[in-house]
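*Asks:* pasted the sequence and its predicted model underneath.
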Amino acid sequence: MFREKIKVLDCTIRDGGLINNHDFDHRFVRSVYKALSEAGVDYMEIGYKNSKKLFPSKDFGVWKFCDDDDIKKVIDGIESQTKISVMVDVGRVDVDDVKLRKDSPVAMIRVASYVKDIDKAIYLVNRFDEKGYETTVNIMAISRALDNELNEALHQLEEESKAQVIYIVDSFGALYQESTEFLIKKAKSILKTKEVGIHAHNNQQLAFSNTIEAIIHNANYVDGTVYGLGRAAGNCPLELLIGFLKNPKFDIRPILDLISKEFVPLREKMEWGYIIPYAITGMLDEHPKAAMELRGGPKKENYREFYESLAATDLD
């Protein structure tokens, strides 16, 4: 598949930070940025821009807040065309803390929002647009969005927001190809002046195939992470995505080196990827937090009991 308009965003450090409280050291993040730059990846999402008034900095790594000085420490001196992105959550960012684009190493700000908070997301992206940033709205937990509410949200985004891209986010790894096709076609039919993107989680081993499905139906912004690193089941593996896209601007070799040197050892210290409790939460369209709690306890391999406990809750 080759389509020049397709842009690849790597969110390894941002999504992977949900496993370790965003506590990657500068050396590791710099190695990721260097490899992504050499590979020709379009964007690197380096973390969240959270307000320190809401989250004590002593409890988190620096990528929970993404101060410009920390970003400069990992990118300075590396020749790169890869743009830096940060994510903000509705209600967790202080807009006044964000500098103008011309004074910051950040190029893009992505606003993560549930359908119910779209009004607040539109306010934020329009403020960040005024500051000179590229902007997106990422609609989270889309597998649980009611059809009428999603329709209304998409129309609002088209008519009222200055976001360049609207992302479909499969937060729970619950989508299949048919539902991905339905959602991308719906978004494309309403969002006439914006690009559509997809961010997929890998609970049911479908993040890569659902991303391909979205590309087939003309989603032009796609997320991936190195070696699939990300919260719980992780994400669409970046290396598979680059292999699929067949765009000569991408070079997979720096990513393969990065996996060998950094991510295979990291796998011995952190858990992510296809594991049965995460698959169960995906099947039942549930947030993976219950599975993450299970994996941290003494019954982490008691799959049947976990399934039955969630299935019973689902029937309530």
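*Replies:* All right, it came through fine. Numbering: from 1, shown residues only.

*Asks:* sketch out the low-pLDDT regions of the stretch 151-300 of the chain for me.
*Replies:* Scanning the stretch 151-300 of the chain with the threshold set as pLDDT under 70 gives no residue ranges.

*Asks:* same deal with the stretch 1-150 of the chain?
*Replies:* For the stretch 1-150 of the chain (pLDDT under 70), the answer is none.

*Asks:* so what's the closest residue to residue 99 other than its chain neighbours up against?
*Replies:* Nearest residue to residue 99, sequence neighbours excluded (Cβ to Cβ, 6 or more residues apart in numbering): residue 68, at 6.7 Å. C-beta: built from backbone N, CA, C; applies to glycine. Taking Cβ atoms under 8 Å, 6 or more residues apart in numbering, we find residue 68 in contact with 99, 104-106.

*Asks:* strands of the stretch 1-150 of the chain, start to end?
*Replies:* Per DSSP state E, counting those that start in this stretch, the stretch 1-150 of the chain carries strands over the ranges 7-10, 43-48, 83-89, 106-113, 134-139.

*Asks:* now, of those, which is deepest in the fold?
*Replies:* Ranked by mean neighbour count under mean count of other Cβ atoms under 10 Å, the strands of the stretch 1-150 of the chain are led by strand 43-48, which reaches a mean of 26.

*Asks:* summarise which helices and strands that one is packed against.
*Replies:* On a contact count with 3 or more Cβ pairs under 8 Å, 6 or more residues apart in numbering; DSSP states H and E, strand 43-48 meets strand 7-10, helix 12-16, helix 26-39, strand 83-89, strand 106-113.

*Asks:* which one of these lies closest to residue 230?
*Replies:* helix 12-16 (3.7 Å; Cβ to Cβ).

*Asks:* need the contact partners of the closest one.
*Replies:* 24, 29, 32, 44-48, 63, 86-87, 225-226, 229-231, 234-235, 238, 270, 272.

*Asks:* if we go to 7 Å?
*Replies:* 24, 29, 32, 45-48, 63, 87, 225-226, 229-231, 235 (Cβ atoms under 7 Å, 6 or more residues apart in numbering).
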